[in-house]
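J.: the following comprises the amino acid sequence and a computationally predicted model.
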Amino acid sequence: MGRGILLRRSAVVSPSELIVSMKQPILSFSRKKLLPLLAGAVVLFTAIACDTRTPPVVVFKNSAEPFVYSSLALTPVSATALGYHEHVEGGEGGATIRLDELLDDYSPAGITKRINLCKQYLAHIAEGETTKNHLMGEEFVSFGSIDYYIEQTLLELEKIRSHEHNPNLYVELIGTALYTPLVHEYASKAERYGHVIARLRKVPAFLDQAKQNLQSSPAVWTEVAQQANGAVIKLVEEVIPASLPAELQGDYDSASAEALTSLRDFGDYLKDDLSGRNDYDWRLGKQLYAAKFRAVMGSAHTPEQVLADAEAEFEKVRGDAISVGEALDKSIFGSARPPRDKLALMKGVLEVVADENRQRRANWQQMADRIKGDIDELRQYVVEADVIALPSGDNLQIVETPEFMRGVYSVAGFMPAPPLTPKLRAFYWVTPIPADWPRRRVTSKLREYNYFQLKLLSLHEAMPGHYVQFELSSQGHVDLDPFHRTLRSVFPNGPYIEGWATYATESIVNSGYQSESNEFQINWQKLKLRVLANAILDIRMHTMNLSDEDAMTLMVDQAFQETAEAQGKLLRAKLTSAQLPQYYVGWKDWLKVRDHYQKETTDFSLSSFHDKTLRSGPVPLRDLGYLVADRRPMAE
């Protein structure tokens, strides 16, 4: 690939440059040698004179720039979250569209618009005879980001067609549309609540369209949508009015009354109508899963390859975990303890470790305080270990996970500051334990997220995981022109994001964090098993009909998870697809990028590597290796 680019660049020479470069050599050539050279020059001059094609980099930018901003305009809920608030249709002089007042359009016409936008971009690129290998540097990488996004979008809208089967898609979109203006202070409070009111007025038509679209839904999707719908009703009834500007009360009351009627009606529809049309299979099947896997991963990894690698590594990590468990068993119970099978040994050790240190409380504020303390400790450690240069500022807030998002984020999550307005706040979501859970389930949850696992959770989500990742990415974007900055934010690569958080956790552990604590180390081994089990679970459930019973055996008996954790992950595998393997695929690819960069540089350090890669933004990891190693391509 590099060689092809080099040859293409060397052929682009002006006539004057060619003449100057040829002057001296021609004088020393014999007639026999000169004639072929002159003949070659004639061919080259003719090619230059006839080649009127627009340069590939211009073709790409002229096609990609309107595509990026038009894509945002067609997904206004995401646009608000990213910090893109107004779109001028058709370029300068066109009508201004206020995206913060809109919901995404899932009508047949709206879906067709999104499909056509993707196909028009591909047609423009083809007409310009431009491929990824015609480009270099930032353009080379950004071309790939768009390609994978289009591949995923067309697959979703034309073949998977979740809008015809997943009611939670509509409920979560409404929740996000209303929640984002509450927490991202991109404008005055009155203006943002005005956007909420404008979106509320569009809820009835939006849900009417949802009912027209939905043909059938698996029971698990319908049940989760019912729960999320109730949470959105609570958001409209209680959360938003609690801080509503007084001057907007009348407008809010009228808009929310109609929206609440539609939401309650939609809840009845889910319960009494859609629940009876439950013959749709949430499993994607081998063909669709493989296609989605490729587009989401942004690489040539296949599900079969990843599954084989994950299962082989699972056995090794499980052995490492058991070795740590045996040492702990001896220190806890003494050498006189009779031999037991490995599962019983690990369960016994993990129970003692968790019970000695677990937070014996389900109070959310106390949990949040514990996490804040862990983040302060981790921040200090990261600085002292010089593993990564931390971003300036502190805009991170720890908040409860929005109720309408708890189906997927049953433990925690992260909401970055909008990449296009990065000075706003970022949010570390922590999901409280429901008050109606029985004591046994609460105990199981608290054992899983004990004192040590909470530290690992904050390593992943915040310090130096997702929070540091997004903050440095936003700061690094300053070095990019607005086009690339926006493009990378709109079309991020999932394995880059999820893989970083796992890789960063490993980097901190390997630097010596909690190295003397076997209790911490066994929880780290257990977390690695969870990452591997996530990949195995998702691939086997969607392509090999893995049963619920066998899935629980994998997670509880083989990976030593608590039942409550395993149940939550089982639900997540049914609600999403090709998402759970991103942690493992990304983790391993981050290691490959680091190895590639280390081979290609003479002044390698972890801190400089991390700084350079994070400031490049969330691009496909193979392309990241090319970008940070001075355009030397990385092996797949």
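T.: Everything's here; your move.

J.: domain-wise, how is this protein divided?
T.: Per automatic domain parsing, the domain ranges recorded for the chain read 2-50, 56-164, 167-276, 342-622.

J.: make JSON lines out of those domains and add distance to A321.
T.: Bear in mind the C-beta positions are built from the backbone N, C-alpha and C, glycine included. Formatted as JSON lines, these follow (distance: least, CB to CB, whole Å):
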{"stretch": "domain 2-50", "distance to A321": "42"}
{"stretch": "domain 56-164", "distance to A321": "35"}
{"stretch": "domain 167-276", "distance to A321": "31"}
{"stretch": "domain 342-622", "distance to A321": "4"}
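
J.: which stretch in those domains has the least confidence?
T.: Ranked by mean pLDDT, the domains of the chain bottom out at domain 2-50, with a mean of 34.

J.: centre of the chain to stretch 171-186, how far?
T.: Centroid separation between stretch 171-186 and its chain, computed with CA atoms, centre = their mean, to the nearest Å, is 18 Å.

J.: give me the contact list for it.
T.: Stretch 171-186 is contacted from outside by 77, 80-81, 83, 85, 100, 103-104, 192-193, 195-196, 199-200, 203, 206-207, 225, 228-229, 231-232, 235-236, 239-240, 243, 263, 266, 399, 402, 404-405, 415, 417-418, 421, 424-425, 427, using CB atoms under 8 Å, 6 or more residues apart in numbering.

J.: buried ones in it, by neighbour count?
T.: 171-184, 186 (16 or more other CB atoms under 10 Å).

J.: equivalent analysis for stretch 93-109, please.
T.: Buried residues in stretch 93-109, counted by 16+ other CB under 10 Å: I97, L99, D100, E101, L102, L103, D104, D105, Y106.

J.: the residue lying closest to the third one once chain neighbours are set aside - how many residues pack around it?
T.: It stands for D100. Spatial nearest neighbour of D100, chain neighbours left out: H195 (4.1 Å); criterion: CB to CB, 6 or more residues apart in numbering. Using other CB atoms under 10 Å, H195 is surrounded by 23 other residues.

J.: so H195, which of the three states?
T.: Classification of H195 by DSSP: H, G, I helix; E, B strand; the rest coil places it in helix.

J.: mind listing the strands for the protein?
T.: 86-88, 96-98, 396-400, 412-415, 426-430 (DSSP state E).

J.: quick one on the thing from earlier: need the buried residues of stretch 93-109 in a markdown table (columns: distance to G90).
T.: Listed next are the buried residues of stretch 93-109 as a markdown table, based on distance: CB to CB, whole Å:
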| residue | distance to G90 |
| --- | --- |
| I97 | 10 |
| L99 | 15 |
| D100 | 20 |
| E101 | 19 |
| L102 | 17 |
| L103 | 22 |
| D104 | 20 |
| D105 | 18 |
| Y106 | 23 |
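
J.: top helix in the protein by residue count?
T.: Determined from DSSP state H, the single longest helix within the chain is helix 303-333.

J.: quick one: distance of stretch 391-398 to the chain centre.
T.: Its chain's C-alpha centre and that of stretch 391-398 lie 20 Å apart, by CA atoms, centre = their mean.

J.: what does that stretch rub up against?
T.: By CB under 8 Å, 6+ apart, the surrounding residues in contact with stretch 391-398 are 368, 371-372, 375, 417, 423-428, 430, 462, 467-468, 471-472, 475.

J.: quick one, what contacts the residue nearest to K445 when sequence neighbours are not counted?
T.: Spatially, and ignoring its direct neighbours in sequence, K445 is nearest to A564 (4.5 Å; CB to CB, 6+ apart). Residues near A564 by CB under 8 Å, 6+ apart: R441, S444, K445, E448.

J.: and what of R283?
T.: Contacts for R283 (CB under 8 Å, 6+ apart) come out as M541, H542, T543, N545.

J.: next one, pLDDT for it please.
T.: 98.

J.: what is the burial count for A257?
T.: 12.

J.: distance of it relative to M367?
T.: Relative to M367, A257 is positioned 36 Å away (CB to CB, to the nearest Å).

J.: same thing with E191?
T.: The gap separating E191 from M367 is 34 Å, by CB to CB.

J.: quick one, which of the two is more surrounded?
T.: Remark: of E191 and M367, M367 carries more neighbours, 21 against 12, as counted by other CB under 10 Å.

J.: so how far is A462 from the more buried one?
T.: Going from M367 to A462 by CB to CB gives 14 Å.

J.: next one: H85
T.: 27 Å.

J.: which of those two has more residues huddled nearby?
T.: Applying other CB under 10 Å to H85 and A462 shows that A462 carries more neighbours, namely 24 against 20.

J.: show the contacting residues for the residue nearest to D100.
T.: Taking CB under 8 Å, 6+ apart, we find H195 in contact with T80, R98, D100, E101, P181, A187.

J.: burial of the last one, as a residue count?
T.: If you count neighbours by other CB under 10 Å, A187 ends up with 14.

J.: please name the residues that touch it.
T.: By CB under 8 Å, 6+ apart, A187 lies in contact with H85, H195.

J.: then the one 10 residues further on?
T.: I197 makes contact with L248, D251, Y252, A255 under the criterion CB under 8 Å, 6+ apart.

J.: what do you get for L122?
T.: With CB under 8 Å, 6+ apart, L122 has these contacts: I150.

J.: grab the nearest non-local neighbour of Y280.
T.: Nearest residue to Y280 in three dimensions, chain neighbours excluded: S216, at 4.2 Å (CB to CB, 6+ apart).

J.: pretty sure P204 contacts R264?
T.: No - the criterion here is CB atoms under 8 Å, and P204 misses it with R264 at 11.4 Å.

J.: more neighbours: the two, which one.
T.: Using other CB under 10 Å as the criterion, P204 and R264 rank with P204 on top: 16 against 13.

J.: tell me who's in contact with that one.
T.: Taking CB under 8 Å, 6+ apart as the criterion, P204 is in contact with E258, A259, T261, S262.

J.: residues near the nearest residue to Y428 once chain neighbours are set aside, how many?
T.: Distances taken as CB to CB, 6+ apart place I398 nearest to Y428, at 4.8 Å, with adjacent residues excluded. I398 has 21 neighbours, counted by other CB under 10 Å.

J.: do the same with K526
T.: 24.

J.: that one and D281, how far apart?
T.: 32 Å.

J.: how about D611?
T.: D611 is 45 Å from D281, by CB to CB.

J.: report the contact partners of the closest residue to D265 other than its chain neighbours.
T.: Leaving aside its sequence neighbours, D265 sits nearest to L207 (CB to CB, 6+ apart; 7.5 Å). By CB under 8 Å, 6+ apart, the contact set of L207 is Y170, I174, S262, L263, D265, F266.

J.: before we move on, the earlier item: the more surrounded of D611 and D281?
T.: Applying other CB under 10 Å to D611 and D281 shows that D611 carries more neighbours, namely 16 against 11.

J.: tell me how far the more buried one lies from V68.
T.: From D611 across to V68, the span is 26 Å (CB to CB).

J.: same question, A312
T.: Relative to V68, A312 is positioned 40 Å away (CB to CB).

J.: more neighbours: which of those two?
T.: Set A312 next to V68 and count neighbours by other CB under 10 Å: V68 wins out with 24 against 10.

J.: so that one touches R488, yeah?
T.: No - if you go by CB under 8 Å, V68 and R488 don't touch, sitting 9.8 Å apart.

J.: so which of the buried residues of stretch 171-186 is the closest to A290?
T.: E172 (25.9 Å; CB to CB).

J.: what segments of the stretch 101-250 of the chain are helices?
T.: In the stretch 101-250 of the chain, the helices defined using DSSP state H, counting those that start in this stretch lie at 108-127, 137-154, 167-183, 189-201, 203-213, 219-234, 249-272.
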